[in-house]
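predicted model and sequence below, questions to follow.
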Amino acid sequence: MTTDISIQLHGVSKQFDEKVVLNGITLAVPKAQIFGLLGPSGSGKTTLVRMIAGIDVPTSGTVHVLGQQMPQLAMLSKIGYMAQSDALYAELTAQENLEFFASLYGLTGTKRKQRIHDVMELVDLGSHLKKQISNYSGGMKRRLSLAISLLHEPGILILDEPTVGIDPVLRKSIWQELTNLSQQGTTILVTTHVMDEADKCHQLGMIRDGILTAVGTPDELKQATSSATIEEAFLYYGGVKQ
Ligand SMILES: Nc1ncnc2c1ncn2[C@@H]1O[C@H](COP(=O)(O)OP(=O)(O)OP(=O)(O)O)[C@@H](O)[C@H]1O
């Protein structure tokens, strides 16, 4: 495996009982790239990112992250994962949630304090640190989940629809930060339904019924489908446009 590939999948399939959800996915994501996964609801995006994060295992095929076969406990500290549903402790404050995750990642002392401050500023929740999560809105919970995934400065960031419920102004600054992180060497895998976000990715993978139907830069996918926009290309690969 070449060292400049951060995420490598070979023939990854996943079956739940009789149902084939992913079918033979082979994919390589280079280091420092923002790779977007696009596909209709139920096409298998979450199932795929969960296997890359090491939370689930393929029925067949292999997943390597930074050259290590997944799942692997030692990779926990190298991966930031933001799931679609927020994994937060509702009865605790934001600060207590952040401190819990920081301790999982071995962050202590001044460094922990600094990181908590930095990630909360980034998601514009700096003034809500002491608030109990049960009093957070849906969008605030999403932002806190994103902050937690960034806490330990992971080399691999896996974000499952990170900007759902986040207003356009903050969405823009979050994407600016994702671009900065990728420029500093972070590899980012993101699922999205938002087309202007898809356009900001270096490469896109289109998934339909568990099959990776196309991979390329936004411009390549537009050209290949004679589409003026990514939305049109998405509809083509999603099977809507004839
Ligand atoms: N644990 C499970 N057991 C059985 N079926 C499952 C399980 N997890 C996912 N599925 C099925 O796998 C398919 C793909 O689901 P997945 O959540 O990966 O899709 P998705 O592309 O992320 O959808 P969305 O965009 O709506 O989030 C769906 O039909 C779903 O019902």
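Sure thing, it's come through. Numbering: from 1, shown residues only.

bridging residues for the spatially most central residue of the chain?
Nearest residue to the geometric centre of the chain (CA atoms, centre = their mean): L159, 1.8 Å. On the basis of DSSP bridges, L159 is bridged to M82, V190.

so it sits right up against Q84, yeah?
No - at 9.6 Å, L159 does not count as touching Q84 under the criterion of CB atoms under 8 Å. Quick note: C-beta positions are derived from backbone N, CA and C, even for glycine.

dump the residue contacts of G138.
Each residue near G138 by CB atoms under 8 Å, 6 or more residues apart in numbering is listed here: G165.

next, it: phi, psi?
Backbone torsions for G138, taken as degrees, to the nearest 10, come to phi -60, psi -50.

per-residue confidence at it?
With respect to pLDDT, G138 has a value of 88.

and it, how far is that from K45?
20 Å (CB to CB, to the nearest Å).

swap in I148?
From I148 over to K45 the distance is 21 Å, taken as CB to CB.

confirm that I25 sits in a strand.
Yes - secondary structure of I25 (DSSP: H, G, I helix; E, B strand; the rest coil): part of a strand.

least confident secondary structure element in this structure?
In the chain, the helix or strand scored least confidently by mean pLDDT, DSSP states H and E is helix 195-198, which has a mean of 87.

residues in this structure within reach of the ligand, list them.
Residues of the chain lying close to the ligand by CB under 6 Å from any ligand atom are F16, K19, V21, G39, S41, G42, S43, G44, K45, T46, T47, Q84.

out of the residues you listed, which sit inside helices?
K45, T46, T47 (DSSP state H).

what's the closest of those to I79?
Nearest to I79 out of those is T46 (CB to CB; 15.7 Å).

wait, what's in contact with the closest one?
Q84, D160, T191.
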